[in-house]
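Enquirer: build me a structure from this.
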Amino acid sequence: QVQLVESGGGLVQAGDSLTLSCTVSGGTFSSYSMAWFRQAPGKEREFLAAIGSKDGRRYYADSVEDRFVISRDNNKNTVYLQMNNLKSEDTAVYYCAGRGGGGSYYWHDYDHDSWGQGTQVTVTS
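Expert: As a prediction, this is how the structure comes out:
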């Protein structure tokens, strides 16, 4: 069974940078398309960024494409989300998600069959 474990969340100040990690076990990571989502209190889950399995192509939500960077290290079975110039509205629980099958990127939550437990990011102004 595939397991995804996020780490790297925490309490930061506005303008700071933070990098989240998501390590995958129990599957062939290189064949997984990966993505990051977040959910703020009282709001729906929001897509942030995705990266393809073999081609490594990236796709971002308009709201974060100038501040967030998604990357992956297939040797470490890990996907990253580098977040720069954080704002108070970035406060949320951040989730990584994966989809097997060796495809490119996907941005709908229903396209992903594996999810992490989430990591809290709190940005103070």
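Enquirer: use CA for all of it now, contacts and neighbours both
Expert: Noted.
Enquirer: can you give me the pLDDT of the residue positioned nearest the centre of the chain?
Expert: Centroid-nearest residue in the chain, with Cα atoms, centre = their mean: residue 36, separated by 2.4 Å. With respect to pLDDT, residue 36 scores 98.
Enquirer: tell me how many other residues surround the residue nearest to it when sequence neighbours are not counted.
Expert: By the measure of Cα to Cα, 6 or more residues apart in numbering, the closest residue to residue 36 outside its immediate chain neighbours is residue 96, 4.5 Å from it. Using other Cα atoms under 10 Å, residue 96 has 30 neighbouring residues.
Enquirer: now the one 5 residues further on
Expert: Each residue near residue 101 was counted by other Cα under 10 Å, and the total is 12.
Enquirer: would you check that it makes contact with residue 31?
Expert: Yes. The pair residue 101 and residue 31 qualifies as a contact (Cα atoms under 8 Å) at a distance of 5.9 Å.
Enquirer: the residue nearest to the centre of the chain should be in a strand, yeah?
Expert: Yes. Under DSSP: H, G, I helix; E, B strand; the rest coil, residue 36 sits within a strand.
Enquirer: report the beta-bridge partner residues of it.
Expert: Legend: beta-bridge partners of residue 36 under DSSP bridges are residue 49, residue 96.
Enquirer: that one and residue 99 touch, don't they?
Expert: No. In this structure residue 36 lies outside contact range of residue 99 using Cα under 8 Å: 11.9 Å.
Enquirer: can you show me the CA trace of stretch 26-37 as PDB?
Expert: Output of stretch 26-37 as PDB, limited to C-alpha atoms (Å, rounded to 0.1, in the frame of the first residue of the first chain):
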ATOM      1  CA  GLY A  26       5.200   1.300  -1.000                       C
ATOM      2  CA  GLY A  27       5.100   2.100  -4.600                       C
ATOM      3  CA  THR A  28       7.300   3.000  -7.600                       C
ATOM      4  CA  PHE A  29       7.700   6.700  -7.000                       C
ATOM      5  CA  SER A  30       9.100   7.400 -10.500                       C
ATOM      6  CA  SER A  31       5.800   6.300 -12.000                       C
ATOM      7  CA  TYR A  32       3.700   8.600  -9.800                       C
ATOM      8  CA  SER A  33       2.400  11.900 -10.900                       C
ATOM      9  CA  MET A  34       2.400  14.100  -7.800                       C
ATOM     10  CA  ALA A  35       0.600  17.200  -6.700                       C
ATOM     11  CA  TRP A  36       0.200  19.600  -3.800                       C
ATOM     12  CA  PHE A  37      -3.100  20.900  -2.500                       C
END
